[in-house]
Every structure is written in structure tokens, then in C-alpha cells.
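Trainee: model this:
(2 chains)
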Amino acid sequence: MRRPLAFLAVNGALLLLALLTAFPLLWMLSASLMPTGEATALPVRLVPSHPTLEHYETLFTRLDLGRTFRNTLFLASAVTAVSLLCNSMAGYAFAKLRFRGRKRLFALLLATLVVPPQVTVLPLFLEIRALGLVNSFGGVLVAGIATVFGIFLIRQFAQGLPDELLDAARLDGASELQIYWTIVLPLLRPILVTLGVFTFLSAWNDFMWPLIVLTDESKYTLPVALANLSGEHVQDTELMMAGAVVTVLPGLLLFLFLQKQYIEGITLGSVKE
Amino acid sequence: MTPAVPPDIDETRGLPAERRAAWALLTPALGAIGLFFALPLLAALLLSLTDFDIYALADPRNARFVGADNYLRLLRDPLFWKVLRNTLVFVLLGVPLTLLLALGGALLVHSRLARMRGLFRTVFFAPVVTTLVAVAVVFRYLYHPRYGLINQMLGVLGLPPIDWLGDPAWATAAITLLAVWRSFGYALVIYVVGLQAIPVALYEAAELDGASPWRMLRHITWPLLGPTTRFVSVLTTVGLFQIFAEPYVMTRGGPLYATTSITLLMYQQGFRWWNLGNAAAIAFVLFALILGATLVQELLQRRRT
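Mentor: Numbers count the residues shown, from 1 in each chain, chains lettered A, B, ... in the order given. From the prediction side, this is the model:
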């Protein structure tokens, strides 16, 4: 008799916790489809009486959120592409190429992980201001060209590549850069996917830095635009929920499709010993 | 953190071509990190020792070296102490709650009796990948004193409504709850990995000895999860110390500065009032706090084991 009871307790608790976790997201989606005013009407409604897409229409026509969406997509993709290239080059060099000071340099890089981004954000702003990059995508991009976490992740993975393969290519007369490009990069594919999802999502969701750099509404990314809109349109609950859905959904879908890789990245990153 | 580096025998054996290639491959990443991280880091230290403000923004020659004045002024500023206190409340409330939910959830997901584990893990993790600004907007409506669903549910349970974001006493808790909701899935996944690493034989042996599930949890699971708990709690602590978007979107730091975090204060000082010298000092205090908290946790855990 104990087993069925324990079974119920475990699965019941799981279900309850899952419902509580999913609830804000489900309500967001549901409220975004409600006619104006329904989300704040009493008694409370959980599902729309007449599902409507009017708020999404308003977002993409009157508020031109399509442009904001494209800005975010472009920036997140650019940061991902550039940082994957830079991080994979450096991570591979640290893992497989022998040079003086390799360990010391890597230890120094790891030590910088303790510095919170708040410390560098002020001078970095002055720097991009001096470079004339305020209110430009380039200004947002510079902060993400290379990351210590990315270099670390690639290095962990690249250490497992067989040396024989690289040596054989050297014997065949391939240059070191050719080896990186034609042999190493394809072999790094799994970890590049993992790091790519990671980077894309954090760039997509990033708030403080784009908020500081981008001053013109036409350049805003989704989080910045949404924070801005939520001040102006406090009363328009359904509209704001539609905005939240547009902001959250792409990242959520990407995660659902690539969650194996994403979770792998977390567990790889957490084994620091 | 990094132990003394043993000499790398490989380092000296590299061929010249290999060494050249290594530096060529490292240059873009190291260049970017040097230019956009190391340089600003040094500049931040200098900045915090000056009275760099909006006039200096127009002409840097207007900035003067003021020594530790910015730091001393912070220590005398009641608002700074309030913000410091707020941030500590976020951390002290949020870390235990995150660990509890994460460990509890991980134990459930890892349980032999659990069904549809993959689905549950996905649901618990989903908030982690959401955009903080967006979910802060969602939670702001859920917390609405009149229409918000949280108060509606309290009403169903016969409890009085709470002015979640308008009452200084509740606003910190409300914001912490959002932060915990968004991040506990991350800790949960790391805990699941930790649980999977515990040999099943230990539990089988304990079961033979007639140990109760509670004793097994206390004497096998919890001690063996020690390193995981340490890692997760440091990660959560660091994250909560840097809390920013939640109060920025939900309360603008109010009511009466009750939810202004250190990072929000730094942002306002730096990018609204352009007191960059003062803001840099705030950033370094935050850095010191994070470093201090990390070391304290490290020492506490080490003494226990």
C-alpha cells in the first residue's frame, strides 16, 4: 500500500510545482489573446472569451515592433557568429597548441570571471562614446566579441580531440590555420551548437547594455522596447502581454528545439574542478 | 581559486609555426577582451577615484582626482546603506528559497517513481531562458493589488489582498519571488546532475541496513551533494547581488527606494545623473561584496567538510 501512495505524492508534487512554474507563461499567452480589458475584468478569466490577434496586429503595425524584432534578431545573430569564431579560435589554441605562457594566460582569463559586468560598464560606455559607437549596433556588439566562458567551454571540448589527427594533417603539409579551419572547426560542431544557443539566448535577452548604448527608438532591441512600452502602456494589459509573448517566444522555442545541447552546456560549465 | 600553476612541459615543446599559429588564433579574442574588458576594468578603478560627472563628459579635463572621496561619501550616504540592505535582503531571501526549490524539484525529478521526467525538467527550466524584462512585465500584472491573479487566489483561500509592489514591506519579497521563479530551474538541472553522480549502491546498502528515506537524504544525499550545493549557492548569490531588470521594470526602485538594488543605484547615478565617478565607486563596492560573499561561502563549506 505504501508504493501507490508514494507514487501519488511524488507525481502530484511534481505536477503542482510544474503548474506553478508554467502558470505565469500560460497566463501571459492567454491574456495576450483576450479582447481589450478582459484580462483586468472581475471576476477573473483564465481563457479568452473570444480569442483575438488584435494586440499582435497593433504591435506590428502601430508600434512597429517588427523593426525591433529584426534589430534583436540581427544583433543576437551577429554576436553569436562573431563570438563563436573568436572563442573557438582561442579555445582551440589553449587546448591543442603549445606556446610559452599558455597555462598562466588561461588561469588569468579564468580569474577575470569574478569581475561583475557592472564594474566595466561605465568606462566601456565612455570608450564606445569615444569611438563614436553610441546608438549603434556595433556599440552593443563589442561587449560580446569574445567571452571567457566561451573560451573555457571550447577548450574543455577541444582537449578531447585526437592529437594524431592534427599531427597527420601537419605531416601532409597543412598549415596550422588550415588545420583549424578544415579539421578542428567541423569537429567542434557539437560544442559550437551548445555555445551558440547559449550566446544567442543571452544576447537576445540582454537588457542593461543595449539600454545604455541604444538611445534611438528605431535601434531598440525587444527587451529595451518592452521596458519602454510598459511605462507608456501600463493600462493596456493585453497589449503588453502580446509584447511579452513576442519577446519571450523565440528564445523559448529555440530552447525547446535545442534543449539537449543547452543543458549539456550548463553541466559542462558547472564541472569546473 | 586557481591553484598555483604547475610548469607546463608542453609549453616549451611547441614548434615555432605552432607558436605563431597559437598567437594568431588568440589575437582576436584576447584583443577584444583586452580592449573591451581589461582596459575598462583599469579605467573603472581610476574613474572611481575622480569626480567625473556631466561636465567631464563634455570635456574630460573637468574631472579631478579626489582620492577615496567617492567611497567615503557612499559610507555616509543613508540611501546607499538602504540600497545595500535591500540587496542583502534579495540575496538572503532568494538564495535559500532557490536552493530549497531546486533541491526539492531535483529530488522529485530524480525519483524512481517520477513519470515524464523529461517534460517536467523542461517545464522547470523554461523560465531560465525567458527574457527578464518580459516576465517582469507579466509579474507586474500578476501582482496587481486588485486584478492580479495572485491576490485573486489569496482571496479564494480567504486571505486579505496584499499590495505586492506598492507596500515597501512586500515589494522586496515580490521581486525576490520573480528572481527565484526565473532561476531555480538552472540550479535544479545542476542538482539533477549531482544526484545522478551518487552511486546507487550506497542507497542499496543503506536500505539493507533499514535506513529510512529521510536518513538516507540526510546522511548520503545531502553530504554528497556538498560541492553541487556550494557551486549552486555561489552562482545564485552572484546573480542576486546583481539584480537590476526586475526592479527597473516592476517598481523603478520604489516605493520609497524599498527595491532599489545596488546595480539599479549605480545605473541611475551613472546613466541618469551622469555621476560616473560615484557610480564607479558603487560598482567596486558591489564587486567587493560579491567577492566577499563568495569567499565566506567557500570558507563555511570547507570548514563543514
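
Trainee: pLDDT averaged over stretch A:25-40, what's the number?
Mentor: Average pLDDT, stretch A:25-40: 93.

Trainee: what sits up against it?
Mentor: Stretch A:25-40 has contacts (C-beta atoms under 8 Å, 6 or more residues apart in numbering or on different chains) with A:45-56, A:236-239, A:241-242, A:244-245, A:248, A:252, B:126-127, B:130, B:134-135, B:138, B:141-142, B:144, B:147, B:149. Backbone N, C-alpha and C define where each C-beta goes, glycine included.

Trainee: now do stretch A:76-85
Mentor: A:137, A:140-141, A:144-147, A:150, A:192, A:195-196, A:199-200, A:203-204, B:28.

Trainee: quick one on the thing from earlier: so which of the contacts of stretch A:25-40 sit within helices?
Mentor: When DSSP state H defines the helices, the subset of those inside them is A:54-56, A:237-239, A:241-242, A:244-245, A:248, A:252, B:134-135, B:138, B:141-142, B:149.

Trainee: buried subset of those as a PyMOL selection?
Mentor: Those of the ones in helices among the contacts of stretch A:25-40 that count as buried under 16 or more other C-beta atoms under 10 Å in any protein chain shown are selected in PyMOL with:
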select buried, (chain A and resi 55+56+237+238+239+241+242+244+245+248+252) or (chain B and resi 134+135+138+141+142+149)
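
Trainee: and the longest helix along chain B, what other elements does it pack with?
Mentor: Using DSSP H, we find that the single longest helix of chain B is helix B:78-110. Applying 3 or more C-beta pairs under 8 Å, 6 or more residues apart in numbering or on different chains; DSSP states H and E, we find helix B:78-110 packed against helix A:2-32, helix B:117-125, helix B:168-196, helix B:226-241, helix B:262-267, helix B:276-304.

Trainee: how does it look with 7 Å?
Mentor: If you count contacts as 3 or more C-beta pairs under 7 Å, 6 or more residues apart in numbering or on different chains; DSSP states H and E, helix B:78-110 packs onto helix A:2-32, helix B:117-125, helix B:168-196, helix B:226-241, helix B:262-267.

Trainee: ranking these by burial, who's on top?
Mentor: Among the helices and strands packed on helix B:78-110, helix B:262-267 has the highest mean neighbour count (mean count of other C-beta atoms under 10 Å in any protein chain shown), at a mean of 25.

Trainee: quick one: distance of it to the chain centre.
Mentor: Here helix B:262-267 is found 15 Å from its chain centre; the criterion is C-alpha atoms, centre = their mean, to the nearest Å.

Trainee: repeat for stretch A:86-101
Mentor: Chain-centre distance of stretch A:86-101: 25 Å, with C-alpha atoms, centre = their mean.

Trainee: residues contacting it, please?
Mentor: Residues from elsewhere that reach stretch A:86-101 (C-beta atoms under 7 Å, 6 or more residues apart in numbering or on different chains): A:102, A:106, A:145-147, A:150-151, A:154-155, A:158-159, A:161, A:166, A:180, A:184-185, A:188, A:192, A:195, B:10-14, B:18-19, B:21-23, B:25-26, B:28-30, B:32.

Trainee: and for residue A:130, the neighbour number?
Mentor: Using other C-beta atoms under 10 Å in any protein chain shown, residue A:130 is surrounded by 10 other residues.

Trainee: and the residue nearest the centre of the chain?
Mentor: The chain I'm using is chain A. By C-alpha atoms, centre = their mean, the mean C-alpha position of chain A lies nearest to residue A:201, the distance being 1.5 Å.

Trainee: switch to chain B, that's the one I care about
Mentor: Central residue of chain B (C-alpha atoms, centre = their mean): residue B:239, 0.9 Å from the mean position.

Trainee: surely that residue touches residue B:182?
Mentor: No - using C-beta atoms under 7 Å, residue B:239 is not in contact with residue B:182, being 9.5 Å away.

Trainee: in helices, which of the contacts of stretch A:86-101 fall?
Mentor: Per DSSP H, the subset of these in helices is A:102, A:106, A:150-151, A:154-155, A:158, A:166, A:185, A:192, A:195, B:18-19, B:21-23, B:25-26, B:28-30, B:32.

Trainee: mind checking which of those residues are buried?
Mentor: Buried positions within those, assessed by neighbour count (16+ other C-beta under 10 Å), are A:102, A:106, A:150-151, A:154-155, A:158, A:166, A:185, A:192, A:195, B:18-19, B:21-22, B:25-26, B:28-30, B:32.
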